[in-house]
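Participant: I would like the atomic coordinates for the input below:
(one chain, ligands or ions: 1)
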Amino acid sequence: MQSFDIIVIGAGPAGSCAAYWASQQGLSVALLDKATFPRHKLCGGLFTERSRHTYQDIFGRDFDMSRAVTRTQIAFWHDNTELAVLNGIPPLHLTMRLELDNTLYKNAIAAGVNDFTGRALSELSDTTVTFRDGERLTAKIIIGADGVNSVVARTLFGKAFDTETIGFGLEIEASTDEQNPLEHPLRIDFGSAAWGYGWSFPKQHSTTVGVGGLRAPNPDMKAHFSKYLRDLGLDPDTTRFKGHHLPFGDFRKIPGRRNVLLAGDAAGLVDPITGEGIALAMKSGQLAAQAAVDALAQNAADTALARYQFSLRPIHKSLKIARMLRRIIFAPRWQVAFVATFRKSGTVRMQYMRLLAGEVEYPELGRSVLRRLPRYVLNAFRR
Ligand SMILES: Cc1cc2nc3c(=O)[nH]c(=O)nc-3n(C[C@H](O)[C@H](O)[C@H](O)COP(=O)(O)OP(=O)(O)OC[C@H]3O[C@@H](n4cnc5c(N)ncnc54)[C@H](O)[C@@H]3O)c2cc1C
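Facilitator: Below you'll find the predicted structure:
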């Protein structure tokens with residue numbers, strides 16, 4: 001049985017960043033994933049400036065943007081009617097997750113992390129992992145960064161999430177024959193799904209098109225997606241849809257137990273309005289690793305959770321505010337007022353844009369919304 005300071009389960013953005021950060025601080029780290037990298041992950045691949053800054057903070061250098069597409073124009077639609085086209089917006093970078101995640105994983109391995117990817121787990125305890133072939137690894141601290149269906153969370157709490165309270169997204173990758181990405185703007189469609197939206201993200205060689213929203217109010221997400229594809233002039237019958245859950249606002253208040261920490265989607269750290277999860281996955285991976293480093297420095301692995309929870313406070317606070325604000329944007333009664341305000345108000349459009357681009361944080365946005373709320377309520381009830 002090999003021993004490490006930390007075992008990180010899942011080598012997506014959360015896990016690779018956690019492994020890299022811990023290894024850089026001198027800990028011995030094993031990074032596990034059932035997939036072999038490079039691997040696909042269903043995602044729009046929108047890499048915001050928030051993600052970019054987080055990447056710079058962790059790796060001490062910029063993410064190589066040469067294969068990303070950067071847009072400074074966006075079109076907003078509702079019910080197949082154009083609401084606004086904004087030019088000169090804060091840059092939005094569109095990446096392919098296959099490439100982004102492979103870069104993160106390779107950064108971790110290059111930093112000396114021990115590679116156990118491409119191997120399925122069969123058993124898990126607080127300190128030990130057993131692979132299907134019987135090999136066992138042990139560590140003082142385990143970081144579960146294994147996504148929305150987290151086996152680590154299921155081991156700790158019986159289930160990862162209640163699928164009724166989280167979100168679900170469907171996507172296709174439209175080829176250049178179906179839609180030339182160069183000719184189309186980056187597009188967001190409010191109302192394409194209940195408590196969610198549709199997106200069309202042009203990349204270098206394809207366009208990622210999807211709809212996502214809370215799962216419970218969208219029992220037939222496929223019908224929403226078919227309609228959205230038709231609205232975009234795409235044929236829903238020629239492509240197979242792919243779907244994936246996302247913990248759209250249902251974060252774990254206690255992200256782990258003693259020496260076992262959950263990061264990224266496994267901890268529910270996804271923005272409840274925009275669905276952005278890459279930045280918070282990377283950040284929480286870094287914070288979980290730092291909590292592990294600090295706990296082990298005191299020879300007190302069991303204090304890792306308390307340390308991690310403390311460092312997550314600002315993120316949890318933001319997610320709570322975002323959950324309140326999303327009612328104003330997505331609740332059916334309010335969405336009419338939101339769309340009308342969005343159509344008329346350049347300030348609201350810019351605020352939303354800054355939010356999407358990762359330039360504004362929720363406490364600041366919450367204060368600004370509170371100031372405008374009386375007028376907004378009036379508008380909502382006039383309709
Ligand atoms: C349709 C959709 C569109 C999205 N679009 C965007 C977007 O445009 N921008 C954005 O910022 N966010 C987006 N998100 C959210 C984003 O994809 C996630 O928040 C992000 O991937 C979370 O990273 P993670 O490292 O926590 O988990 P993941 O990226 O899911 O990585 C988890 C890793 O764990 C591994 N794993 C799982 N189970 C096991 C196991 N039993 N044993 C070993 N390994 C395991 C997996 O193979 C995977 O490599 C989107 C999500 C969806 C569903």
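Participant: Could you please name the strands the longest strand along the chain pairs with and the direction of each pair?
Facilitator: Residue-count comparison of every strand in the chain, with assignments taken from DSSP state E, identifies strand 81-94 as the longest. Using DSSP bridges, the neighbouring strands of strand 81-94 in the sheet come out as strand 46-47 (antiparallel), strand 69-78 (antiparallel).
Participant: Counting neighbours, which bits of that strand end up buried?
Facilitator: 83-84, 86, 89-90, 92-94 (16 or more other Cβ atoms under 10 Å). For the C-beta atoms, the positions are set from N, CA and C on the backbone; glycine is no exception.
Participant: so is F161 in a helix, a strand, or just coil?
Facilitator: coil (DSSP: H, G, I helix; E, B strand; the rest coil).
Participant: Test my guess that it contacts A266.
Facilitator: No - no contact is recorded between F161 and A266 when judged using Cβ atoms under 8 Å, the distance being 9.4 Å.
Participant: Looking at the two now, which is surrounded by more residues?
Facilitator: For F161 versus A266, neighbours defined as other Cβ atoms under 10 Å are more numerous around A266 (34 against 25).
Participant: list the contacts for that one?
Facilitator: Remark: with contacts taken as Cβ atoms under 8 Å, 6 or more residues apart in numbering, A266 is in contact with 10, 14, 144-148, 150, 152-153, 160.
Participant: Could you find the closest non-adjacent residue to the residue of the stretch 1-150 of the chain found nearest the ligand?
Facilitator: Across the stretch 1-150 of the chain, no residue is closer to the ligand than G12, which sits at 2.3 Å (Cβ to the nearest ligand atom). In space, not counting the residues next to it along the chain, G12 is nearest to D101; the distance is 5.8 Å by Cβ to Cβ, 6 or more residues apart in numbering.
Participant: which stretches of the chain have low pLDDT?
Facilitator: 376-383 (pLDDT under 70).
Participant: Which helix runs longest in it?
Facilitator: helix 304-330 (DSSP state H).
Participant: Kindly identify which of the contacts of A266 also come near the ligand.
Facilitator: If you filter those for contact with the ligand, counting by Cβ under 6 Å from any ligand atom, you are left with 10, 14, 145-147.
Participant: For G366, state which of those is nearest.
Facilitator: When the ones next to the ligand among the contacts of A266 are compared for distance to G366 (Cβ to Cβ), A14 wins out at 25.8 Å.
Participant: is it true that that closest one lies in a helix?
Facilitator: Yes - assessed with three-state DSSP, A14 lies in a helix.
Participant: That one contacts V148, correct?
Facilitator: No - under the contact definition of Cβ under 8 Å, A14 does not touch V148, with a separation of 11.2 Å.
Participant: if you count what's nearby, which of these two comes out ahead?
Facilitator: Neighbours per residue (other Cβ under 10 Å) separate A14 from V148, with A14 holding more: 34 against 23.
Participant: check contacts around that one.
Facilitator: Going by Cβ under 8 Å, 6+ apart, A14 touches 145, 263-266, 281-282, 284-285, 288.
Participant: Leaving out the residues flanking it, which one is nearest to the residue most central in space within the chain?
Facilitator: Nearest to the mean C-alpha position of the chain, by Cα atoms, centre = their mean, lies G277 at 1.4 Å. Leaving aside its chain neighbours, G277 sits nearest to V270 (4.0 Å; criterion: Cβ to Cβ, 6+ apart).
Participant: was I right about the one you found contacting G249?
Facilitator: Yes - counting by Cβ under 8 Å, G249 is a contact partner of V270 at 7.0 Å.
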